[in-house]
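Q: Sharing a sequence plus its predicted fold:
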Amino acid sequence: MPAQVKRSIRAQLMWMNLIIVTVSVALSLAGTLYLTLRGEQESLDKNLINSACILSQVPLVRDALTGSASFEELADFLDAATTHTSDIDLILVGDLNARLCYAPDRTLIGSQYTGTAQAGALAGIPPYTSNETGPMGSDHSAYAPILDTNGDVIGFVIVGIYLRSMTQVAVTTALRLILMGALAAVLGSLLALRLSRRIKQSLLGYEPDALAKRFHQREDILDALEEGILAIDRDSKIIFLNSSAAQMLSLDQDTCLNQPLHAVYPRSTLDRILRTGKAEYNVSMRSLKHVHVLADRLPVYENGRLAGAVSIFRNRTEVTRLADDLTGVRHMVDAMRSYTHEFMNKLHVILGLLQIGQPDRAQQYIMDTTRIQQEAVGRIMNQIKEPSVAALLVGKTSRANELGVRLTLDRESALSEGADWLPADAYVTILGNLIENAIEELSRSPRSNKEVTVSIREDGENLLLCVEDTGPGISGDLKGQLFQRGASTKGKGRGTGLSLVQEIVEAYHGEIRVESESGVGTSFFISFRRETAPAIKE
């Protein structure tokens, strides 16, 4: 069965108007018709009684019953009265014996009146009405006694009206009400048409159901955005909060709506836009810890007046971390931090020797440390001419020493400055991630032999990068998903390093090979060949 087509708002208003008018007219018709007919009935009764009373007192009627006037004269008079009176259909005059002395139908004159309602009039009762059907079919009549000059009853007069006349009154009244209802329906339809146009204009030309559908669709889209959106009105009350904003700000999305901004987010400065009316871009959210969020804040105007403000949050925590991994900044920073930390430790030793009064030993410690450091740094700088890679290896050596791990550079290693195998940040990302993984794995290992060996071999046709460790090896479960993002033994939110390494190796058409033996260690071999490696263009 096909789906029912929804009516437009114009059709709905038209139908509603027609239903209201129809019901109103029906109720009005019933009530008004009842009241009108009742009023008409009362008015008719009064007219009939008055007419019967007047005719009963006409001298000609009295004289005809007493014999002082002829029935022909009476007939001419009453025929004229019936003709000129619109509210009277027939007049009957009878004597004491209920014999008709006058009737519109001349054949009935002299006949006996068969009804019983005239008995009251013959008994002298004042004029009254009755619904008794007479000999000529009258349905509603007034009865009045005819008195002589002495006040004695000498006959009766009947003034009546037919049912068709009463029906005509009812039909006329109903037609008037129906005509008024039709006019009301036409007027209501015109007003409904105008109202529907105004409503549709206020709904931007959409039907209500279409507008509601678009509204919910846009709410779902805004709620699905990765960016957070928070909007307030001119009273600083929250009018919109999507899921991303609620998650970033650690707020309950349902309970925050229509609440004052500072009641749910005390450190927010979004309401500042309500005072300045100026947009703010790339505002750092200092109120959030361990999350790097930037916000754009925009004023919202309605008919030229400031109606509120909206803030759009962009969580840059993961992007910043990935950027640091891709460019090698994180590894360089970690290396320099470790180098600084080691340097501070040595300063503390020198300070301690001076404080205990052994300047000779402090001097010797400085000489030995300087010599060892110079030898280590000098050997790295002699073998590795690329500054970023050399700085990385120096820093990682210091970090490894802090964690009780020995990091050495293979004596046969060599890397020329400005070699077009890889850009500098690619070297840092590959070696930094592999060395860091090895150091962290060994730092958690209970074994005493903790060594990481780095080898960089370069010739005219090939480049080989190798990082080996004496760790516990890679488990069988992890080997199959080693380079998948998120695969790690270090917990949730880790496991991007090796995936980045693989992406860079594939980008520069290299090959990566892993060898691992439980209890012996793990080796990563990365090679590039001249015929497959593209030249790096600055």
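A: Looks like it arrived, so ask away.
Q: To which secondary structure element type does G308 belong?
A: Secondary structure state of G308, per DSSP: H, G, I helix; E, B strand; the rest coil, is strand.
Q: again, but for T114
A: Under three-state DSSP, T114 falls in the coil class.
Q: How far off centre is the longest helix belonging to the chain?
A: Looking across the chain with DSSP state H, the single longest helix is helix 9-56. Here helix 9-56 shows a centroid-to-chain-centroid distance of 50 Å under the convention Cα atoms, centre = their mean, to the nearest Å.
Q: Next: stretch 512-532.
A: Distance, centroid of stretch 512-532 to centroid of chain: 55 Å (Cα atoms, centre = their mean).
Q: packing partners for the longest helix of the chain?
A: strand 128-130, strand 140-147, strand 153-161, helix 163-202 (3 or more Cβ pairs under 8 Å, 6 or more residues apart in numbering; DSSP states H and E). Every C-beta, even on glycine, is put in place using the N, C-alpha and C of the backbone.
Q: So for N97, what's the nearest residue that isn't a sequence neighbour?
A: Nearest residue to N97, sequence neighbours excluded (Cβ to Cβ, 6 or more residues apart in numbering): Q112, at 7.8 Å.
Q: since we're on N282, how many residues are nearby?
A: In terms of burial, N282 registers 9 neighbours under the definition other Cβ atoms under 10 Å.
Q: again with G304
A: Counted with other Cβ under 10 Å, residues neighbouring G304 total 6.
Q: before we move on, what about the one 4 residues further on?
A: G308 has 23 neighbouring residues, counting by other Cβ under 10 Å.
Q: Let me know the pLDDT of it.
A: In this model, G308 is scored at 91, pLDDT.
Q: Would you check that it makes contact with I238?
A: No: G308 is not in contact with I238 according to Cβ atoms under 8 Å; the separation is 9.9 Å.
Q: thinking again about what came up before, past the longest helix of the chain, which element shows up next along the chain?
A: For helix 9-56, the following helix or strand on the C-terminal side (DSSP states H and E) is helix 59-66.
Q: quick one: T429 and S518, what's the gap?
A: Noted for T429: a distance of 28 Å to S518, by Cβ to Cβ, to the nearest Å.
Q: of those two, who's got more company?
A: Legend: neighbour count by other Cβ under 10 Å for T429 and S518, higher for T429 (26 against 11).
Q: How much space separates the more buried one from G151?
A: Taking Cβ to Cβ, one finds T429 at 136 Å from G151.
Q: about what we covered before: quick one: closest of the helices and strands packed on helix 9-56 to A80.
A: strand 153-161 (14.6 Å; Cβ to Cβ).
Q: So which residue is smack in the middle of this protein?
A: H216 (3.9 Å; Cα atoms, centre = their mean).
Q: For it, which three-state class applies?
A: Quick answer, by three-state DSSP: H216 is helix.
Q: Next: E417.
A: coil.
Q: again, but for I125
A: Of the three states, I125 takes coil under three-state DSSP.
Q: Show me the beta-bridge partners of the nearest residue to it once chain neighbours are set aside.
A: Closest residue in space to I125, ignoring its immediate chain neighbours: P145 at 7.0 Å, by Cβ to Cβ, 6+ apart. Note on P145: beta-bridge partners F156, judged by DSSP bridges.
Q: can you check S455 too?
A: With DSSP bridges as the rule, S455 is bridged to C466.
Q: right, and it touches L415 too?
A: No: judged on Cβ under 8 Å, S455 makes no contact with L415 at a distance of 10.6 Å.
Q: related to what we said a few turns ago, the residue nearest to N97: neighbouring residues, count only.
A: By the measure other Cβ under 10 Å, the count of residues near Q112 is 11.
Q: Which neighbouring residues are in contact with it, exactly?
A: Going by Cβ atoms under 8 Å, 6 or more residues apart in numbering, Q112 touches 97-100.
Q: Let's see if you can find the most crowded of those residues.
A: Tallying neighbours with other Cβ under 10 Å puts L100 at the head of those, with 19 neighbours.
Q: tell me the phi and psi of G228?
A: phi -90, psi 140 (degrees, to the nearest 10).
Q: Helix, strand or coil: sort out the nearest residue to it once chain neighbours are set aside for me.
A: Excluding the flanking residues, the one nearest G228 by Cβ to Cβ, 6+ apart is A245, at 3.0 Å. Put simply, A245 is helix when judged by three-state DSSP.
Q: what's the weakest-modelled helix or strand in this structure?
A: The weakest-scoring helix or strand in the chain, judged by mean pLDDT, DSSP states H and E, is helix 317-327 (a mean of 51).
Q: wait, doesn't L409 sit right on G378?
A: No: contact criterion Cβ under 8 Å: L409 and G378 do not qualify, at 11.6 Å.
Q: Sketch out the low-pLDDT regions of the stretch 51-200 of the chain for me.
A: 86, 133-139, 163-167, 169, 200 (pLDDT under 70).
Q: go again using 80 as the cut-off
A: Within the stretch 51-200 of the chain, the set of residues satisfying pLDDT under 80 comprises 81-89, 114-118, 121-122, 131-140, 161-174, 176-178, 180-182, 184-200.
Q: ditto for the stretch 251-400 of the chain
A: Counting by pLDDT under 80, the ranges of the stretch 251-400 of the chain that qualify are 281-295, 314-379, 398.
Q: Kindly recompute the last result at 50.
A: Scanning the stretch 251-400 of the chain for pLDDT under 50 picks out the ranges 319, 323, 326-328.
Q: Overlap of the contact sets of G308 and I238?
A: By Cβ under 8 Å, 6+ apart, the residues touching both G308 and I238 are 231-232.
Q: quick one: the helices in the stretch 301-450 of the chain?
A: For the stretch 301-450 of the chain, helices defined by DSSP state H, counting those that start in this stretch occupy the ranges 317-327, 329-355, 359-383, 387-402, 424-443.
Q: centre of the chain versus the last one, how much separation?
A: It refers to helix 424-443. A distance of 49 Å separates the C-alpha centroid of helix 424-443 from that of its chain, computed with Cα atoms, centre = their mean.
Q: Alpha carbons only: can I get that helix in CSV?
A: Presented in CSV, the C-alpha positions along helix 424-443 are these (Å, rounded to 0.1, in the frame of the first residue of the first chain):
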residue,chain,number,x,y,z
ALA,A,424,66.1,14.7,7.6
ASP,A,425,62.8,14.4,9.4
ALA,A,426,62.2,11.0,7.9
TYR,A,427,65.6,9.7,9.3
VAL,A,428,64.6,11.1,12.7
THR,A,429,61.1,9.5,12.6
ILE,A,430,62.4,6.1,11.5
LEU,A,431,65.4,5.9,13.9
GLY,A,432,63.7,7.7,16.7
ASN,A,433,60.7,5.4,16.9
LEU,A,434,62.8,2.2,16.5
ILE,A,435,65.4,3.3,19.2
GLU,A,436,62.7,4.6,21.6
ASN,A,437,60.7,1.3,21.3
ALA,A,438,63.9,-0.7,22.0
ILE,A,439,64.9,1.5,25.0
GLU,A,440,61.4,1.3,26.6
GLU,A,441,61.2,-2.4,26.1
LEU,A,442,64.6,-3.0,27.7
SER,A,443,63.9,-0.6,30.6
